[in-house]
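Trainee: no FASTA, just this:
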């Protein structure tokens, strides 16, 4: 178990990590989602010991790691660029840590060979040990980098955007592979990513980082269904976020009055999931228990199993409607056509002026 | 499969594009012509001539194209000339070792510990500043430094470290070594610093993260990756030092004769055949040295 307590780090006066505290459990897959510049790489580098924190401490199983240099922390760090040693073969890369580490290096060649070979087997590179690292594909390099770190049996493995440099097809396969490898070894993964789908799909728990602060730490389904703040809802990239103010139990968004869930007052942001919004047929009005808004159709995007429709509201904001093709056939709208968008009030999330979710409301269908 | 393949009609044998003329197909080789002509006329032919002339008959006042091995015999039976060859090799190895010992740490500092690219460039340019003065001035400036009443002896005497001036500083092999190292060390620093600056920081961070100490990282990662720079630097230094004559004659008072000095004096006294022998030997030595250095690393792969 690793505990981060009040970690802070600033570069040239500009804060990158602000008073961050976090507990990492044993044997878990933790994903860390944040936009670029949110401090997610800095956090990994602080944990790995490649940077020194300005304040705060890092404990591993009760032991203070903070003053220890990187090579004595027993953590693994998989670089985004893989950082394979170009003058060594795949085998030599994987053997590097075991052979050259300062503390309990393995000198017995047969033991070394067995461990390296086992690890190459696990990541599916058993046949490629003798290749140079310039002679293998991007996906294979990723595996070598992972194997090189995991073979040293780190207590926690830190992965900096491990899928970022792979093409889409390979990324999906690697997603499954990473989870398999992790559960086989029972090692904790701390996986940093800027991709919300990746963070949601892979993590047992996820952390959402914004401007150097952890704004939500929860299992992916609760991050997705109940974003703690407006920022989280924004990063999840599945919500329409309308700004405005509350008056007489209704939400004033520009010229529109939107019905609100019962018992919510002082909402400053009104948030509806893309797939909770329906496009009403011409002339229809929202029924009871629904709220609605007029918007102009801009474009649609076919995504295979679903279609995204983009509308522009009267205030200039973009609204997205997502239809799964299993529930509705794709519809063609005229460009510039005005339609009423409607949604069930029970699906609405409301946020106060500080961007925090107003909790007394009950989430309906979900 | 096979029947499908055979059904694809072969183009008629008379197809014009296949029968492009020999010249049209090889036109791009014309790009090489100026360079090839230049190298043949001014490098290959003179080299062959040098080998040829080394077998000519040399008399005191004339040289005749009657073939003989007499000049070769003279070279290998004379202590003076064999001594010059050995001295050249010894001096070359000493200078090579010293430029590496002095140059590598400097390059390591510039390439790995200076993080700012601009500062790196400024420092490398600073290494080249001595070259803004002429070669002769750079070499001769060592005389007032190293002489019996030179700067070094004066400072050491004033500090009370020595009572009588050190005479072996100037007009010895030592002074030649000092002068050459100062002049050529920059050719070692440049290529090594270049290779070191290209090493991705992520590699070093990964090695640290895998548990390696700073010394291990240097031995296993940094040094091997900088080796191509060392070899390029060593080739620069070797080629220049092996052919040296000016530093030796200016700083040794003509006491230290290198192969280059032999060639110069023989040409001066119109002993062309003998100069050619020394020239052939020097060329062979250089070729062997460069081939040897290139075998250490595969430069084609590394650069």
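Mentor: Good, I have the coordinates. Nothing here was measured: the structure is a model prediction, and the numbers come from that model.
Trainee: make it CA atoms for all contacts and neighbour counts henceforth
Mentor: Noted.
Trainee: which stretches of the chain have low pLDDT?
Mentor: You didn't pick a chain, so chain A it is. Filtered on pLDDT under 70, chain A yields the residue ranges A:360-366.
Trainee: wait, chain B
Mentor: In chain B, residues with pLDDT under 70: B:1-19, B:299-303.
Trainee: which bits of it sit near chain A?
Mentor: Applying Cα under 8 Å from any Cα of the partner chain, one finds that chain B approaches chain A through B:200, B:202-203, B:205-213, B:216, B:221, B:224-225.
Trainee: Need the buried ones from those selected in ChimeraX.
Mentor: Remark: buried members of the residues of chain B next to chain A, expressed as a ChimeraX selection using 16 or more other Cα atoms under 10 Å in any protein chain shown:
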select /B:202,203,205,206,207,208,209,210,211,212,213,216,221,225
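Trainee: Now the residue of chain B found nearest chain A. Its backbone dihedrals?
Mentor: Relative to chain A, the nearest point of chain B is residue B:211 (3.9 Å; Cα to the nearest Cα). Note on residue B:211: backbone dihedrals following degrees, to the nearest 10 are phi 100, psi 10.
Trainee: Can you name the residues of chain A sitting close to chain B?
Mentor: A:48, A:50, A:70-79, A:81, A:83-85, A:87, A:96-98, A:100-103, A:149, A:152.
Trainee: Cross the residues you listed against helices and list the overlap.
Mentor: Members of those lying in helices (criterion: DSSP state H): A:48, A:96-98, A:100, A:149.
Trainee: Is it correct that residue B:262 is in contact with residue B:277?
Mentor: No. Checked against Cα atoms under 8 Å, the pair residue B:262 and residue B:277 is beyond contact range at 10.4 Å.
Trainee: Compare neighbour counts for the two and give me the winner.
Mentor: Between residue B:262 and residue B:277, residue B:277 has the larger neighbour count (other Cα atoms under 10 Å in any protein chain shown), namely 24 against 20.
Trainee: What strand or helix carries that one?
Mentor: Per DSSP states H and E: residue B:277 is located in helix B:272-296.
Trainee: what packs against that helix?
Mentor: helix B:45-53, strand B:57-58, helix B:70-77, helix B:223-242, helix B:259-268 (3 or more Cα pairs under 8 Å, 6 or more residues apart in numbering or on different chains; DSSP states H and E).
Trainee: Kindly recompute the last result at 10 Å.
Mentor: Under the contact definition 3 or more Cα pairs under 10 Å, 6 or more residues apart in numbering or on different chains; DSSP states H and E, helix B:272-296 sits against helix B:45-53, strand B:57-58, strand B:63-64, helix B:70-77, helix B:79-108, helix B:223-242, helix B:259-268.
Trainee: Can you list the buried residues in it?
Mentor: Neighbour counts over helix B:272-296 (16+ other Cα under 10 Å) mark B:272-283, B:285-286, B:289-290, B:293-294 as buried.
Trainee: same thing with stretch A:94-111?
Mentor: Buried, per 16+ other Cα under 10 Å, within stretch A:94-111: A:94-102, A:105.
Trainee: Stretch B:98-107 now?
Mentor: So for stretch B:98-107, counting by 16+ other Cα under 10 Å, buried means B:98-100, B:102-104, B:106-107.
Trainee: who's in contact with that stretch?
Mentor: For stretch B:98-107, contacts defined as Cα atoms under 10 Å, 6 or more residues apart in numbering or on different chains pick out B:92-95, B:97, B:109-111, B:113, B:120, B:123-124, B:127, B:177-178, B:180-197, B:223, B:226, B:229-230, B:233-234, B:237.
Trainee: In ChimeraX, how would I select the buried members of those residues?
Mentor: Those of the contacts of stretch B:98-107 that count as buried under 16+ other Cα under 10 Å are selected in ChimeraX with:
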select /B:92,95,109,110,111,120,123,124,127,177,178,180,181,182,183,184,185,186,187,188,189,190,191,192,193,194,195,196,197,223,226,229,230,233,234,237
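Trainee: ok and the residue in the stretch 101-250 of chain A nearest chain B?
Mentor: residue A:101 (4.2 Å).
Trainee: So what pairs up with that residue in the strands?
Mentor: Beta-bridge partners of residue A:101, counted by DSSP bridges, are residue B:212.
Trainee: Please report the distance of it from residue B:116.
Mentor: 30 Å (Cα to Cα, to the nearest Å).
Trainee: Next SSE downstream of the longest helix along chain A?
Mentor: In chain A, ranked by residue count with DSSP H as the criterion, the top helix is helix A:168-185. Using DSSP H and E, the helix or strand that follows helix A:168-185 in sequence is strand A:188-193.
Trainee: So which bits of the next helix or strand after that following strand are buried?
Mentor: Counting by DSSP H and E, the next helix or strand C-terminal to strand A:188-193 is helix A:196-202. Residues of helix A:196-202 classed as buried by neighbour count (16+ other Cα under 10 Å): A:196, A:198-200, A:202.
Trainee: Show me which of the residues of chain A next to chain B are buried.
Mentor: By 16+ other Cα under 10 Å, those give A:48, A:50, A:70-79, A:81, A:83-85, A:87, A:96-98, A:100-102, A:149, A:152 as buried.
Trainee: As a check, name the ranges of all strands in the stretch 51-200 of chain A.
Mentor: All strands of the stretch 51-200 of chain A, identified by DSSP state E, counting those that start in this stretch, fall at A:55-60, A:63-64, A:76-78, A:156-160, A:188-193.
Trainee: Against which helices or strands is the fourth one packed?
Mentor: Under the contact criterion of 3+ Cα pairs under 10 Å, 6+ apart, strand A:156-160 touches strand A:29-33, helix A:40-48, strand A:76-78, helix A:138-150, strand A:188-193.
Trainee: List the strands paired with that strand, with their directions.
Mentor: The pairing partners recorded for strand A:156-160 under DSSP bridges are strand A:76-78 (parallel), strand A:188-193 (parallel).
Trainee: Tell me the backbone dihedrals of residue B:250, please.
Mentor: phi -80, psi -30.
Trainee: so it makes contact with residue B:139?
Mentor: Yes. Residue B:250 is within contact range of residue B:139, at 7.0 Å (criterion: Cα atoms under 10 Å).
Trainee: Need the overlap of contacts for those two.
Mentor: Common neighbours of residue B:250 and residue B:139 (Cα under 10 Å, 6+ apart) are B:176, B:179.
Trainee: got the contact list for residue A:44?
Mentor: Applying Cα under 10 Å, 6+ apart to residue A:44 gives the contacts A:32, A:50-51, A:77, A:158-160, A:190-192.
Trainee: roughly how far is stretch A:152-164 from the heart of the chain?
Mentor: 15 Å (Cα atoms, centre = their mean, to the nearest Å).
Trainee: Quick one: end-to-end distance for it.
Mentor: Using Cα to Cα, the end-to-end distance of stretch A:152-164 comes out at 24 Å.
Trainee: Can you point out the buried residues in it?
Mentor: For stretch A:152-164, by 16+ other Cα under 10 Å, it's A:152-163.
Trainee: Looking at those, which is nearest residue A:269?
Mentor: residue A:161 (31.2 Å; Cα to Cα).
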